[in-house]
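Got a predicted structure here, sequence first:
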Amino acid sequence: MSPNLQKQILIGGLAGLLVFVLVFFLLGGKRDELKSLRAGNAALQQEVNRGYALKDIYEKLKVEVAQEEKEIEDLVKIMPTEADRGELPYRMKKLADAAGIEQVSFSLMPPAPKEYYTEYPVQFTFRAGYHTMGQFTSLLSGYGKIINLSDMQMKRELGNQLYPVSVSCKISAFVYNPAKPEAPAPTKGAGGKTPAPSKEQGD
């Protein structure tokens, strides 16, 4: 092999090696960039998946809230109004007459405000038979508004064949009141002055 040919082969090999080294370093930066892009793409895909999951949860919660609002709306429709609770003694008298029992007396009790409704209890006294009192409670259960019978006490009346039982009970009407009950007013101290709020330690 001639010296010129050897020299050409050597120069060609060095040139190829130089090109390989240059390509390696240039592509090395691209590989790092590609790796970074793939990692960023994976993170974005996770965020997208999380967004889809949150959307599904939101849609489910939206349906549940709509159902609960519909149930509340239906309940509010059958809750007594102020006019209904004012007519409660008269309505109970009508049911008592229909069941064949006698309404002896009634007395209005203090209202009991709650967070979303106010209870208006009425104390009743009836004279009835065992079966006719059962008929009265059956009519009461079919009443068109939300009312409640509680604290029922029955006493046997000896010698009274028409009404052998004396019954006392509390019947309450529940009026919808979306406004929360007012907080009690602060009590006044000595001299009629309202005490200033005390500061907690550490302020």
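Great, that's in hand.

use CA for all of it now, contacts and neighbours both
Fine.

Check whether R127 really touches C169, as I assumed.
No: applying Cα atoms under 8 Å as the test, R127 and C169 come out as separate, 11.5 Å apart.

more crowded one of these two?
In this view R127 and C169 are compared by other Cα atoms under 10 Å, and R127 has more residues nearby, 26 against 17.

and the helix or strand containing D97, what's its mean pLDDT?
Using DSSP states H and E, D97 maps to helix 88-99. Averaged across helix 88-99, the pLDDT comes to 92.

same question, stretch 134-152
Stretch 134-152 comes out at a mean pLDDT of 89.

can you list contacts of that stretch?
78-80, 95-96, 98-99, 101, 167-174 (Cα atoms under 8 Å, 6 or more residues apart in numbering).

now, which of the residues you listed lie within helices?
Residues of the contacts of stretch 134-152 located in helices (DSSP state H): L95, A96, A98, A99.

For the first one, give me its contacts.
It stands for L95. By Cα under 8 Å, 6+ apart, the neighbours of L95 are F136, L139, L140.

how about the helix or strand hosting the second one: buried residues?
Think L139. Assigned by DSSP H and E, L139 belongs to helix 130-141. In terms of neighbour count (16 or more other Cα atoms under 10 Å), helix 130-141 has its buried residues at Y130, T132, M133, Q135, F136, L140.

tell me which of those residues is nearest to N160?
Y130 (12.6 Å; Cα to Cα).

The closest one and V165 touch, don't they?
Yes: counting by Cα under 8 Å, Y130 does reach V165; the two are 6.9 Å apart.

quick one, domains of this structure?
Domains of the chain are assigned by automatic domain parsing as 1-77, 82-176.

Over to the last one now: how far is its first residue from its last?
Yep, that's domain 82-176 we're talking about. From its first residue to its last, domain 82-176 covers 9 Å (Cα to Cα, to the nearest Å).

Among the contacts of stretch 134-152, name the ones in strands.
V167, S168, C169, K170, I171, S172, A173, F174 (DSSP state E).

Return the backbone torsion pair for E157.
E157 adopts backbone torsions of phi -100, psi 100, taken as degrees, to the nearest 10.
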